[in-house]
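Asks: I would like the atomic coordinates for the input below:
(one chain, ligands or ions: 1)
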Amino acid sequence: MAQLPLPRRPRRLRATPAVRALVAETDVLPRHLIAPLFVRENASVPAAIASMPGVKRHLLPDLVKEAAALHKLGIPAVALFPALATVKKDGRGTAATDPKGLIARAIRLLKKELPEMLVITDAALDPYTTHGHDGVLDKKGRVDNDATVAILARQTVLYAEAGADFVAPSDMMDGRVAALRAALDKAGHIHTGIIAYASKFASAYYGPFREAVGSGARKGSGYLDKRTYQLSPGNRREALLEALLDEEEGADIVMVKPAGPYLDVLREVRDAVHVPVAAYQVSGEYAQIQAAAQNGWLDLEKTRDESLHGIRRAGADMILTYFARGYAESWKKLNA
Ligand code: PBG
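Replies: Model prediction:
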């Protein structure tokens, strides 16, 4: 066989693990990961989530154990989501502003037992409302922007009082970042940060999460339509505008969500803002990989690692992922 007269042979830099490590452009380290954790009110809410194998709803003592294990693995932050008993929900999401509510208690406990772990809590009403929307409804049944923002401000101050390090508005109401910043500052919580779910799309990939917190559609297909506030999947420019607005309004970190189907948006947001950018690999992205792996159709760890590297490569400074613990465990084994 004649040797090709090639001036460049890119394969030289792929030949061995050592040279591949030397030229690796993207790392996913435990420090880049945020673990979303579900907290359940009591034993009346089951632990297992059918569509999210390997993820559970934790009772409070168990939550502390899980957070401690994550901390040991080098994961710097957890994001808490409540799974309320149905009786605690109502049309206005009243339980969201209960000072003795589930999340307020969870924050206090975590910050007491594990002060170094960063605690992020969602500002949104969907786990608390019977209809599952992120806000309250007006007389015509529309999600009422300004009335919702006023409630989120109360929820936010409450979480800050309980000791949350960051509040993460995930509701997509207009003007909420500025309103939450003002409310926090007015209450003296200048150190509490805001991670804004800035470019959040109206996605079918949230299905398993809605099972987990019981916020899905009550009737019909199980898909709850949030298109009057979340972004249209095809809209790139509008997603960028949302990120820029939230940065301007005072967000410390902006987020793109979901991650995998929106890597182009992630890259553009990373290039456009000056604050750190988070990406949320959402429940459906996790479920897809788990389901295929359970069928023997995909290799779980390899697909997991590839999906996370793709998200980092696209520009995420940090990733919220249900794979956080598993990834960090594998990473530890490899780097022991
Ligand atoms: C709600 C919220 C959602 C998620 C995080 N916060 C769902 C929704 O908007 O309906 C989804 C996360 C996931 O799917 O993992 N404000």
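Asks: can you give me the helices for the stretch 51-200 of the chain?
Replies: 60-72, 102-113, 145-162, 176-186 (DSSP state H, counting those that start in this stretch).
Asks: which one of the ones you listed lies closest to the ligand?
Replies: helix 145-162 (10.6 Å; C-beta to the nearest ligand atom). All C-beta spots, glycine's among them, are computed from the backbone N, C-alpha and C.
Asks: what does the stretch 101-250 of the chain have sitting close to the ligand?
Replies: Asp122, Ala124, Asp126, Asp134, Ser170, Asp171, Tyr206, Phe209, Arg210, Lys226 (C-beta under 6 Å from any ligand atom).
Asks: in PyMOL, select just the buried ones from these.
Replies: Buried residues among those (16 or more other C-beta atoms under 10 Å), as a PyMOL selection:
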select buried, resi 122+124+126+134+170+171+206+209+210+226
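Asks: Throw the residues of the stretch 101-250 of the chain next to the ligand into JSON lines and include pLDDT, thanks.
Replies: Below are these laid out as JSON lines (pLDDT from 0 to 100):
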{"residue": "Asp122", "pLDDT": "96"}
{"residue": "Ala124", "pLDDT": "94"}
{"residue": "Asp126", "pLDDT": "93"}
{"residue": "Asp134", "pLDDT": "93"}
{"residue": "Ser170", "pLDDT": "96"}
{"residue": "Asp171", "pLDDT": "95"}
{"residue": "Tyr206", "pLDDT": "96"}
{"residue": "Phe209", "pLDDT": "95"}
{"residue": "Arg210", "pLDDT": "92"}
{"residue": "Lys226", "pLDDT": "95"}
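Asks: contact partners for the closest residue to the ligand within the stretch 101-250 of the chain?
Replies: The minimum distance from the stretch 101-250 of the chain to the ligand, using C-beta to the nearest ligand atom, falls at Phe209 (3.2 Å). Residues in contact with Phe209 (C-beta atoms under 8 Å, 6 or more residues apart in numbering) are Phe81, Ser215, Val282, Ser283, Gly284.
Asks: so where does it fall, helix or strand?
Replies: Using DSSP states H and E, Phe209 falls within helix 207-213.
Asks: I'd like the next helix or strand past that helix.
Replies: Immediately after helix 207-213, counting by DSSP H and E, sits helix 236-249.
Asks: so what secondary structure elements neighbour that next one?
Replies: helix 176-186, strand 193-200, strand 253-257, helix 263-272 (3 or more C-beta pairs under 8 Å, 6 or more residues apart in numbering; DSSP states H and E).
Asks: what's that helix in contact with?
Replies: Residues contacting helix 236-249 (C-beta under 8 Å, 6+ apart): 172, 175, 177-178, 181, 196, 198-201, 231-232, 254, 256, 262, 264-265, 268-269, 272-275, 277.
Asks: for stretch 168-183, same thing?
Replies: The contact list for stretch 168-183 (C-beta under 8 Å, 6+ apart) reads 79, 120-126, 134-135, 143, 145-146, 148-150, 152-154, 156-157, 167, 194-197, 200, 226, 229-231, 242, 245-246, 249-251, 255.
Asks: was I right to think Ala259 contacts Val265?
Replies: No: Ala259 lies out of contact with Val265 (C-beta atoms under 8 Å); the separation is 9.4 Å.
Asks: Phe38 belongs to a helix?
Replies: No: applying DSSP: H, G, I helix; E, B strand; the rest coil, one finds Phe38 to be strand, outside a helix.
Asks: which residues touch it?
Replies: Ile49, Val55, Lys56, Arg57, His58, Phe81, Pro82, Ala83, Ala212, Val213.
Asks: which stretches of the stretch 151-300 of the chain have low pLDDT?
Replies: 218-222 (pLDDT under 70).
Asks: switch the cut-off to 50
Replies: For the stretch 151-300 of the chain, the stretches with pLDDT under 50 are 220-221.
Asks: output stretch 126-144 as PDB - backbone C-alpha positions only.
Replies: What follows is stretch 126-144 as a C-alpha-only set of coordinates in PDB (Å, rounded to 0.1, in the frame of the first residue of the first chain):
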ATOM      1  CA  ASP A 126     -46.300  24.800  39.900                       C
ATOM      2  CA  PRO A 127     -45.500  22.200  42.700                       C
ATOM      3  CA  TYR A 128     -48.000  24.100  44.900                       C
ATOM      4  CA  THR A 129     -51.000  24.700  42.500                       C
ATOM      5  CA  THR A 130     -53.700  22.200  41.700                       C
ATOM      6  CA  HIS A 131     -53.700  23.200  38.100                       C
ATOM      7  CA  GLY A 132     -49.900  22.800  37.800                       C
ATOM      8  CA  HIS A 133     -49.200  26.300  36.300                       C
ATOM      9  CA  ASP A 134     -46.200  28.300  37.500                       C
ATOM     10  CA  GLY A 135     -48.400  31.200  38.500                       C
ATOM     11  CA  VAL A 136     -51.900  32.200  39.600                       C
ATOM     12  CA  LEU A 137     -54.700  32.500  37.100                       C
ATOM     13  CA  ASP A 138     -56.800  35.600  36.400                       C
ATOM     14  CA  LYS A 139     -60.600  35.600  35.900                       C
ATOM     15  CA  LYS A 140     -60.200  34.500  32.300                       C
ATOM     16  CA  GLY A 141     -57.900  31.600  33.300                       C
ATOM     17  CA  ARG A 142     -54.700  33.300  32.000                       C
ATOM     18  CA  VAL A 143     -51.500  33.100  34.000                       C
ATOM     19  CA  ASP A 144     -51.400  36.500  35.700                       C
END
